[in-house]
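Student: mind folding the following:
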Amino acid sequence: MDPVLAEAAPATSTTRAEDEPFAVPEACRRARLELDWEAFLPPQATTRSWRIRRRIKRGIDVVLASIGLLLLSPLLLLLAVLVKLSSPGPVFYLFPSLGLRGRPFHGYKFRTMVENAEALKPELQVHNQMTGPVVKMRNDPRVTPIGRWLRKFSLDELPQLWNVLKGDMSLVGPRPPIAYECAQYEPWQWGRLAVEPGITCFWQISGRSELRDFDEWVRLDLKYIEQWSLWQDFKVLLRTVPVVIRGHGAY
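Tutor: Reported below is the predicted structural model:
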């Protein structure tokens, strides 16, 4: 892989192609087109059994996401009302994300921050508790009171079941990154996008925001890809339940 690929264009250089839902940093577009994505996958990814198991994984995603959206629809409606009544702004936050092999898509979350959160972000960078391109703070002043509660129990991410149903995401996989964060990736870090992003993965069950080294986060994602199996996905889903109930590492 070309070590200057992720630096070939400045992170602020963005344009929007006709087939893209939002303006994508040029460095991200180049990575999507030029990276050898197969090099990030384990050797078994070339086998027929791997492809069959990936199709089974997609089938499970569709079934479980459909059931989840149906059963949780009363809760989703209630949460939408609470978000709308708690502060000015839209109910949903559509975040510009990159998915499988850098494909851009809009991710869905319940809005947990004030309406002008992005405008306030530069002045809060000094309080960032994560290394690398990701910004996370335990006491982020942009988060609304209802948003803090939603985040604690990961309820803000329930709308991503729609992303799973659409095929943008999977139930289990590396978390979908914000597009402009990817423009700052080192070449090896792009490997986390070699498979579909997911709602939960190793990072979520290993401490979440308590893990403050972005490189360690990426290494967990690459480990997931290297060790992937349907049984592993099942175990990750099971281990996610108590983590969410306890609200450990979420803010």
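Student: show me the shaky parts of this protein.
Tutor: Where the chain drops to pLDDT under 70, the residues are 1-15, 208-209, 248-251.
Student: and the contacts of the lengthiest helix in it?
Tutor: Criterion DSSP state H: the longest helix present in the chain is helix 48-71. For helix 48-71, the surrounding residues in contact (C-beta atoms under 8 Å, 6 or more residues apart in numbering) are 44, 76, 158, 161-162, 164-165, 167, 170-171, 229-230, 233. All C-beta atoms are positioned from the backbone trio N, CA, C, and that covers glycine.
Student: give me the ChimeraX select line for the residues you listed, limited to the buried ones.
Tutor: To isolate the buried members of those in ChimeraX, using 16 or more other C-beta atoms under 10 Å:
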select :76,158,161,162,164,165,170,171,233
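Student: now, the contacts of helix 48-71 that are in helices?
Tutor: Per DSSP H, the contacts of helix 48-71 map to helices at 76, 161-162, 164-165, 230, 233.
Student: buried set for whichever strand or helix holds residue 85?
Tutor: Taking DSSP states H and E as the definition, residue 85 sits inside helix 73-86. By neighbour count on 16+ other C-beta under 10 Å, the buried set for helix 73-86 is 76, 79, 82-83, 86.
Student: residue 201 contacts residue 173, correct?
Tutor: Yes: contact status for residue 201 versus residue 173: in contact at 5.8 Å, counting by C-beta atoms under 8 Å.
Student: need the overlap of contacts for the two.
Tutor: residue 224.
Student: of all the contacts of helix 48-71, which two lie farthest apart?
Tutor: Spatially, the most separated pair among the contacts of helix 48-71 is 44 and 76, at 37.5 Å (C-beta to C-beta).
Student: so who does residue 124 touch?
Tutor: By C-beta under 8 Å, 6+ apart, residue 124 lies in contact with 135, 137, 140-142.
Student: the chain: strands as residue ranges?
Tutor: For the chain, the strands defined by DSSP state E cover 14-15, 24-25, 92-98, 104-110, 170-172, 198-200.
Student: could you redo those strands as JSON lines and give each row distance to residue 55?
Tutor: Below are these laid out as JSON lines (distance: least, C-beta to C-beta, whole Å):
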{"stretch": "strand 14-15", "distance to residue 55": "34"}
{"stretch": "strand 24-25", "distance to residue 55": "28"}
{"stretch": "strand 92-98", "distance to residue 55": "23"}
{"stretch": "strand 104-110", "distance to residue 55": "20"}
{"stretch": "strand 170-172", "distance to residue 55": "12"}
{"stretch": "strand 198-200", "distance to residue 55": "16"}
